[in-house]
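Enquirer: Structure for this input, please:
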Amino acid sequence: MSFIMVKHIRKTFKVPIKTEGIIGSLKSFFNRKYRYIKAIDDISFSIKKGEIVGYIGPNGAGKSTTIKILSGILNPDSGSVKINNLIPNVDRKKYVKNIGAVFGQKSQLWWDIPAIDSFNLLKDIYKIDDNEYKKTLNELIDLLNLKDILNIPVRLLSLGNRMKCEIAASLIHKPQVLFLDEPTIGLDAVSKKMVRDFIKKINRQNNVTVILTTHDMKDIESLCKRIILIGKGKILYDGSISKLKKKYDYLRKITIETKDKIDIKRNYIVKEKKFDNKIEFTIDIRQIEINEFIKLLSSKISIIDIDIESSNIDDLIIKLYEEFEI
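Expert: Predicted coordinates for the structure are as follows:
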């Protein structure tokens with residue numbers, strides 16, 4: 001059964017047309033003209049309880065508008081949204097108790113006071129029981145390693161530590177749905193891994209449903225099995241990353257170093273390039289698995305060294321964008 005159900009939602013924004021120059025500005029003041037932008041145009045999808053879904057697309061594709069509708073901030077012009085049998089913009093008070101949100105460039109923490117004070121304020125806002133609050137807070141402090149930074153004003157925290165506190169704030173009331181918008185933006189590699197590992201952990205332990213929007217494809221690859229690609233206000237792809245790889249990411253470069261001569265002619269070898277004592281093979285992994293190809297080489301020559309090109313999720317998404325011309 002679907003936990004999140006989105007059916008045929010649309011949202012159009014009315015934007016004033018700006019005219020250059022003083023005269024143009026005066027004319028616009030008395031006779032303003034507008035243009036209409038379809039932010040999202042007939043979007044439908046469903047998400048099961050406990051899924052982590054990557055909601056991706058280029059800037060201006062409609063990602064933020066969708067998330068604002070799902071979180072109840074915006075109303076759709078038409079269509080319907082139901083999350084855990086609640087309608088976000090109708091059942092507002094009841095609904096917000098079940099969701100958490102982390103926006104990479106917008107803070108929910110009070111800037112000039114320590115994070116612990118923000119957590120205490122959120123406890124009162126969400127009317128959390130004292131014992132339940134202490135239990136949840138202690139869990140978050142341990143999981144995110146917050147003990148030494150709780151009493152430091154938020155404005156003095158590093159970006160990585162502030163983001164950890166943002167995540168804790170979004171989970172203090174134990175939401176069933178978590179919206180993450182660029183949760184690792186600006187973080188170093190160590191902090192990014194920590195955030196990703198934590199998201200996996202709360203998803204696994206508490207069965208939290210996560211919708212992730214990001215331009216960092218490493219976040220997507222690490223956390224999501226399924227992605228929804230949006231472009232020009234429409235859903236262009238909804239499916240697994242593994243299916244995308246089979247369709248677009250089927251060529252792999254394998255470079256070997258050997259002193260032996262080798263001559264292999266097979267249809268799964270797309271390209272062969274020789275230089276010094278190395279040979280670079282480009283193979284079609286739809287026709288032969290990498291380990292099978294290496295086993296074949298090993299049976300024919302003595303391999304000194306081998307390098308296998310790893311899959312690049314960024315290249316995969318770029319190919320998808322190119323196909324849909326976005």
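Enquirer: Show me the strands in the stretch 1-150 of the chain, by range?
Expert: 2-16, 34-48, 52-56, 78-83, 99-103 (DSSP state E, counting those that start in this stretch).
Enquirer: can you tell me which of these comes nearest to Lys274?
Expert: strand 52-56 (39.0 Å; CB to CB). For glycine as for every other residue, the C-beta is placed from the backbone atoms N, C-alpha and C.
Enquirer: Now do the strands in the stretch 151-300 of the chain.
Expert: Going by DSSP E, counting those that start in this stretch, the stretch 151-300 of the chain shows strands at 177-181, 209-213, 226-231, 234-240, 251-257, 269-275, 278-284.
Enquirer: In the stretch 101-250 of the chain, where is pLDDT below threshold?
Expert: 104-105 (pLDDT under 70).
Enquirer: Which parts of it are helices?
Expert: 115-125, 130-144, 159-171, 189-206, 217-223, 241-248 (DSSP state H, counting those that start in this stretch).
Enquirer: how about Ile149, phi and psi?
Expert: With angles defined as degrees, to the nearest 10, Ile149 shows backbone torsions of phi -120, psi 0.
Enquirer: circling back to that earlier point, could you dump the helices of the stretch 101-250 of the chain to JSON lines with mean neighbour count and distance to Leu109?
Expert: Shown next, in JSON lines, are those (neighbours: other CB atoms under 10 Å; distance: least, CB to CB, whole Å):
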{"stretch": "helix 115-125", "mean neighbour count": "17", "distance to Leu109": "5"}
{"stretch": "helix 130-144", "mean neighbour count": "15", "distance to Leu109": "14"}
{"stretch": "helix 159-171", "mean neighbour count": "21", "distance to Leu109": "6"}
{"stretch": "helix 189-206", "mean neighbour count": "16", "distance to Leu109": "16"}
{"stretch": "helix 217-223", "mean neighbour count": "20", "distance to Leu109": "22"}
{"stretch": "helix 241-248", "mean neighbour count": "15", "distance to Leu109": "33"}
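Enquirer: For those helices, give me CSV that also has distance to Ile99.
Expert: Shown next, in CSV, are these (distance: least, CB to CB, whole Å):
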stretch, distance to Ile99
helix 115-125, 13
helix 130-144, 16
helix 159-171, 9
helix 189-206, 14
helix 217-223, 18
helix 241-248, 25
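Enquirer: how about those helices, which one is nearest Ile17?
Expert: helix 217-223 (35.6 Å).
Enquirer: from what I can see Ile235 touches Thr66, true?
Expert: No. In this structure, Ile235 is not within contact of Thr66 by CB atoms under 8 Å, at 9.6 Å.
Enquirer: who has more neighbours, these two?
Expert: Using other CB atoms under 10 Å, the more surrounded residue of Ile235 and Thr66 is Thr66, with 28 against 20.
Enquirer: Check the gap between the closest residue to that one other than its chain neighbours and Ile230 for me.
Expert: Nearest residue to Thr66, sequence neighbours excluded (CB to CB, 6 or more residues apart in numbering): Ile40, at 5.8 Å. Distance, Ile40 to Ile230, by CB to CB, to the nearest Å: 8 Å.
Enquirer: what do these two both touch?
Expert: 62, 66 (CB atoms under 8 Å, 6 or more residues apart in numbering).
Enquirer: Tell me how the chain divides into domains.
Expert: The record's domain split for the chain, according to automatic domain parsing, is 2-240, 250-310.
Enquirer: And those domains: which comes nearest Leu320?
Expert: domain 2-240 (6.2 Å).
Enquirer: what does stretch 97-115 rub up against?
Expert: 71, 83-84, 86, 117-118, 121, 126, 146, 149-155, 157, 162-163, 165-171, 173, 175-186.
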